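# Give the three-dimensional model of this entry:
(one chain, ligands or ions: 2)
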Amino acid sequence: MNLLAIETSCDETAAAVIAETGDSARPWALRSNIVASQVAIHREWGGVVPELASRQHVRDICGVVEAALSAADMTLDDAGALAVTQGPGLVGSLLVGVAFAKALAWSRGLPVVPVHHLAGHIESLTLAHGELPLPAAVLVVSGGHTSLYLVPAPGEYRLIGRTRDDAAGEAYDKVAKLLGLGYPGGPAIDRMAREGNDRAVDFPVARLTHADRNRPRATADGLLPPDVARRLDFSFSGLKTAVLRLVRERTGGVAAGKAAASDASGVTLPPGDVADICASFQRVVVDALLDRTFEAAGWLGARSIGIAGGVSANSRLRAEADARGRRHLIPVFVPPLALSTDNAAMIGAAGLRRLRSRGPGPLDFNAEAGLTL
Ligand code: KG4
Ligand code: ZN
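Ligands and ions are numbered 1, 2, ... in the order given. This next block holds a predicted model:
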């Protein structure tokens, strides 16, 4: 069966077709994967403007869905089911995809599966590599999320660590903005970091020792000793502030504590300094992500590690994860670049997983900005 998937949670309008293979080790095949990026629109504003994003989704969605069907060499008559991102994300953006998918499902008499965006990122790994050896420790690291999951069985996701403040991708984007590197910041910092000395600046590494006062509901209580569970949480806002302070010092800039980070954009640091800051910042972020992921994998007896989400496109993160995996004798899986950043193929994969385990569910679901996994 072919499933048509739609993703509009943030600033990419995406559609894809996934086919079932009948092979339980490699259950899905990618038939098409179309992404209309809005980066050029939001770059002008230094970040995603929600209202502009939802309007652009309305403009693009029909064409993107048609392109996905045509790239898969099929028509709607060949689709057996639909999947769509229900949340989390920008509610106006989500609504475009959800309304479109429900209308299409109703008019064609097709089942439609609502999908959690992060389940999609996790299943991008299975789409690309086949079923992972389980249990797996999976890090989802993107612009909106930095969360560690235990995947004990196919389609089961248990949250074991998360950021207490900024997501890693958000830190990349904010630091790039204050260094004047533009939007999105991840790829820009990744590129600049290659020219810099990663030991030039000794940025602080956040270690969380206190209990989390705002714990989400779905933590994996009882799976880990409490002090270990605390250590698995992330924090990136202190690092971002440290970069801001350094930039101000070096530029003799705005009085500390007075201006927001964005006021420091447009500063002119020598390119060598910018490259050193990028390389040092990236070293600290990558170490923080991998230290916790490998520690969690050890405690949980994981048989594999997965890293997914937009930041998994990062070249240092990929190289270091691979090197650590070899050292620790644990296989590490990362999606190919096209499946790292937001796409509908991963939503199709998670949709097929859910369709086969739970069925499609009723048509009356709605977009949910704060949907939990
Ligand atoms: O998964 P994604 O496309 O959207 C969200 O669900 O958030 O992730 C986007 C994030 C952005 O913050 C972007 O800066 C970051 O992924 N990103 C990267 C790289 N490519 C994209 N971060 C670091 N290095 C990269 N090469
Ligand atoms: Zn994402």
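# Could you report the separation of Ser351 from ligand 1?
Actually, residue 351 is Gly rather than Ser. As defined by CB to the nearest ligand atom, to the nearest Å, Gly351 lies at a distance of 17 Å from ligand 1. All C-beta spots, glycine's among them, are computed from the backbone N, C-alpha and C.
# Name the nearest residue to that residue, sequence neighbours excluded.
Distances taken as CB to CB, 6 or more residues apart in numbering place Ala83 nearest to Gly351, at 2.5 Å, with adjacent residues excluded.
# where does the one you found fall, phi/psi-wise?
Main-chain torsions, Ala83, degrees, to the nearest 10: phi -140, psi 150.
# Kindly report the same for Ala103.
phi -60, psi -40.
# Kindly tell me how buried it is, as a neighbour count.
Ala103: 12 surrounding residues under other CB atoms under 10 Å.
# can you give me the helices in the stretch 151-300 of the chain?
With DSSP state H, counting those that start in this stretch as the criterion, the stretch 151-300 of the chain has helices at 168-178, 185-193, 226-231, 237-251, 271-300.
# which of these has the lowest average pLDDT?
With a mean of 85, helix 226-231 has the lowest mean pLDDT of these.
# From the contact counts, what lies against it?
The contact analysis (3 or more CB pairs under 8 Å, 6 or more residues apart in numbering; DSSP states H and E) places helix 226-231 against helix 271-300.
# now the angle from the helix it packs on to helix 237-251?
Interaxial angle of helix 271-300 relative to helix 237-251 (axes from the mean of the first three to the mean of the last three CA atoms, to 10 degrees): 170 degrees.
# got the buried residues for helix 271-300?
The neighbour-count check on helix 271-300 (16 or more other CB atoms under 10 Å) flags 273-286, 288-290, 292-297, 299-300 as buried.
# ok, back up a step: the residue nearest to Gly351 - how many residues pack around it?
Counted with other CB under 10 Å, Ala83 comes out at 31.
# Please apply the same query to the one 10 residues further on.
Other residues within reach of Ser93 by the criterion other CB under 10 Å amount to 29.
# Just put the helices of the stretch 151-300 of the chain in a markdown table and tack on distance to ligand 2.
Listed next are the helices of the stretch 151-300 of the chain as a markdown table, based on distance: least, CB to the ion, whole Å:
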| stretch | distance to ligand 2 |
| --- | --- |
| helix 168-178 | 9 |
| helix 185-193 | 12 |
| helix 226-231 | 25 |
| helix 237-251 | 20 |
| helix 271-300 | 16 |
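# for the ones you listed, which one sits closest to Ala105?
With CB to CB as the criterion, Ala105 lies closest to helix 168-178 of the helices of the stretch 151-300 of the chain, at 31.5 Å.
# List the contacts of that closest one.
Helix 168-178 is contacted by residues 46-47, 141-144, 146, 166, 182-186, 188-189, 234, 236-237, 239-240, 243-244, 247, 261-262, 264-265, 267, 277-278, 281, 285, 289, 309-311 when judged by CB atoms under 8 Å, 6 or more residues apart in numbering.
# ok, now stretch 289-306?
Applying CB under 8 Å, 6+ apart, the external contacts of stretch 289-306 come out as 122, 125, 132-139, 141, 146, 148, 150-151, 160-161, 168, 223-224, 228, 231-234, 307, 311, 317, 320-321, 324-325, 328, 330-334.
# ok so, going back, the residue nearest to Gly351 pairs with what?
Under DSSP bridges, the beta-bridge partners of Ala83 are Ala5, Val113.
# What are the neighbouring residues in contact with it?
3-6, 101, 112-115, 347-348, 350-352, 354-355.
# residues from the stretch 51-200 of the chain in reach of ligand 1?
Residues of the stretch 51-200 of the chain lying close to ligand 1 by CB under 6 Å from any ligand atom are Ser142, Gly143, Gly144, Gly169, Tyr172, Asp173, Pro184, Gly185, Gly186, Pro187, Asp190.
# can you pick the most crowded of these?
Tyr172 leads these on contacts (other CB under 10 Å) with 29 neighbours.
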